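In: Pasting a predicted model and its sequence here:
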Amino acid sequence: MPPAGKCNPGRRRFLRGGAAALGLGLAAGLGWEPALAETLRPVVVCIDPGHGGHDPGCVGVRGLREKDVVLDVGLRVGALLEAVPGLQVVYSRRSDVFVPLAQRLQLGIRQRADLFLSIHADAFPERDVRGSSVWILSERGASSSAARWLAQSQNGDFWDSRAALSGSRELHDVLLDLSRSAATSAATRAAQLMLRALAEVEDLHTAQVQKANFVVLRAPNVPSLLVETAFLSNPEEEQRLRDPAFRALLAQSISDAVLAHFVQAPPSDSRWSSARHAIAPGETLSELAARYGVRPEVLRLANGLVSAQLPARGYLRVPILHA
């Protein structure tokens, strides 16, 4: 087991490199036909709670293990998302087991995931470092000294997802670049929403999306992000992470950000779509959220609202959900 408050780089190699359904009448009124919905696939979200089994991840100064925290948070996020019509959740692990890097990475590719979400609770040499952060893949270098430290200490095994692709080299390179560009763009949008959501329940380590060459984010065709919920190396944050109520707040914020991302950009071949709702006098965000089957926080995040107060006029992007 690594020393309290620290990570064992060798053991972290595999980590990095509510809603109610709309009635059919409302759905049909917004342009949905039941027969059409049956031909579409669910939106797929992969949840990857870090570590597990013989790898505890980081260990807090009072003994709290990362693998236990992130499994609890990940299962809470999954339960919230599973309650949403038209959305399917798959997990890299649902119990205290070790899952190798290649299996975690291949999961998103195999499931044709629309979002891959890896959840962690990190440590750092300085114990006063605190706050949440959100990471996406960078193949050109880390975005900060902290990112370089994390990438150097946490990447071990290398699994090149390009080996899973076949065909001519030229065609392979073109398709890979197109897939990676689209996935990176989607991951960036999702990460920005995630930061906004987390800022409401936890201090941010940095207000900018961070980049590093984490192995677990390297699937070329899957938007992937990694959430550091808090720092176990900080005694105050370790104590917060022990609290089930705080873990529930984290899970709710993460879930809200995921749903807001799909309100903004629903996959075209999925059971989710979106529309513009013209704001009528007297309407409230809570009323509209109930009508469209999501929490008010989801609509607020998806539409960039700074508060629950609706503008006097204009439009809101709203989801069209179908089970």
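Out: Alright, I've got the coordinates.
In: Give me the local confidence score for the most far-flung residue of the chain relative to its centre.
Out: Going by C-alpha atoms, centre = their mean, the residue of the chain most distant from its centre is Pro281, 34.9 Å out. We note a pLDDT of 93 for Pro281 in this prediction.
In: Which residue is the nearest non-sequential neighbour of it?
Out: Ala312 (7.6 Å; C-beta to C-beta, 6 or more residues apart in numbering). (C-beta placed from N, C-alpha, C; glycine too.)
In: Quick check: Ala83 vs Val294, distance?
Out: Distance, Ala83 to Val294, using C-beta to C-beta, to the nearest Å: 11 Å.
In: Over to Leu288?
Out: In terms of C-beta to C-beta, Leu288 sits 9 Å off from Val294.
In: who has more neighbours, those two?
Out: Val294 (25 against 18; other C-beta atoms under 10 Å).
In: helix, strand or coil for the more buried one?
Out: coil (DSSP: H, G, I helix; E, B strand; the rest coil).
In: just checking, it touches Phe262?
Out: No. Using C-beta atoms under 8 Å, Val294 is not in contact with Phe262, being 9.9 Å away.
In: what touches both of these two?
Out: Pro319 (C-beta atoms under 8 Å, 6 or more residues apart in numbering).
In: what separates stretch 268-277 from the chain centre, distance-wise?
Out: 20 Å (C-alpha atoms, centre = their mean, to the nearest Å).
In: likewise stretch 40-58?
Out: Using C-alpha atoms, centre = their mean, the offset of stretch 40-58 from its chain centre is 10 Å.
In: Number the residues from 683 up from this point.
Out: New numbering, starting at 683: the last item is stretch 722-740.
In: Return the alpha-carbon coordinates of it using CSV.
Out: What follows is stretch 722-740, C-alpha atoms only, in CSV (Å, rounded to 0.1, in the frame of the first residue of the first chain):
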residue,chain,number,x,y,z
LEU,A,722,-32.8,4.5,-32.7
ARG,A,723,-30.2,3.5,-30.1
PRO,A,724,-29.9,4.7,-26.5
VAL,A,725,-27.3,7.3,-25.6
VAL,A,726,-24.4,5.4,-24.1
VAL,A,727,-22.3,6.6,-21.2
CYS,A,728,-19.3,4.6,-19.9
ILE,A,729,-18.4,5.2,-16.2
ASP,A,730,-14.9,4.2,-15.2
PRO,A,731,-14.3,4.3,-11.4
GLY,A,732,-10.6,4.3,-11.1
HIS,A,733,-8.4,1.6,-9.5
GLY,A,734,-9.9,-1.4,-7.7
GLY,A,735,-8.8,-4.8,-6.4
HIS,A,736,-5.1,-4.9,-5.4
ASP,A,737,-4.7,-1.3,-6.5
PRO,A,738,-6.1,1.1,-3.9
GLY,A,739,-5.1,4.2,-5.8
CYS,A,740,-4.2,7.2,-3.6
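In: Show the average pLDDT along it.
Out: 96.
In: By neighbour count, which bits of it are buried? Give me those.
Out: 722, 724-734, 737-740 (16 or more other C-beta atoms under 10 Å).
In: on that earlier part again, so the residue farthest from the centre of the chain is in which element?
Out: Assigned by DSSP states H and E, Pro963 belongs to no helix or strand.
In: in the stretch 883-1005 of the chain, which spans are helices?
Out: Ranges of helices in the stretch 883-1005 of the chain, per DSSP state H, counting those that start in this stretch, are 917-924, 926-946, 967-974, 978-984.
In: Quick one, which of those helices gets closest to Ser777.
Out: helix 926-946 (17.1 Å; C-beta to C-beta).
In: for that closest one, packing partners?
Out: Of the remaining helices and strands, those touching helix 926-946 by 3 or more C-beta pairs under 8 Å, 6 or more residues apart in numbering; DSSP states H and E are helix 748-764, strand 797-804, helix 851-880, strand 954-960, helix 978-984, strand 997-1003.
In: Would you mind putting these into CSV with mean pLDDT and mean neighbour count alongside?
Out: Listed next are the helices and strands packed on helix 926-946 as CSV, based on pLDDT from 0 to 100; neighbours: other C-beta atoms under 10 Å:
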stretch, mean pLDDT, mean neighbour count
helix 748-764, 98, 22
strand 797-804, 94, 28
helix 851-880, 76, 17
strand 954-960, 96, 16
helix 978-984, 98, 23
strand 997-1003, 95, 22
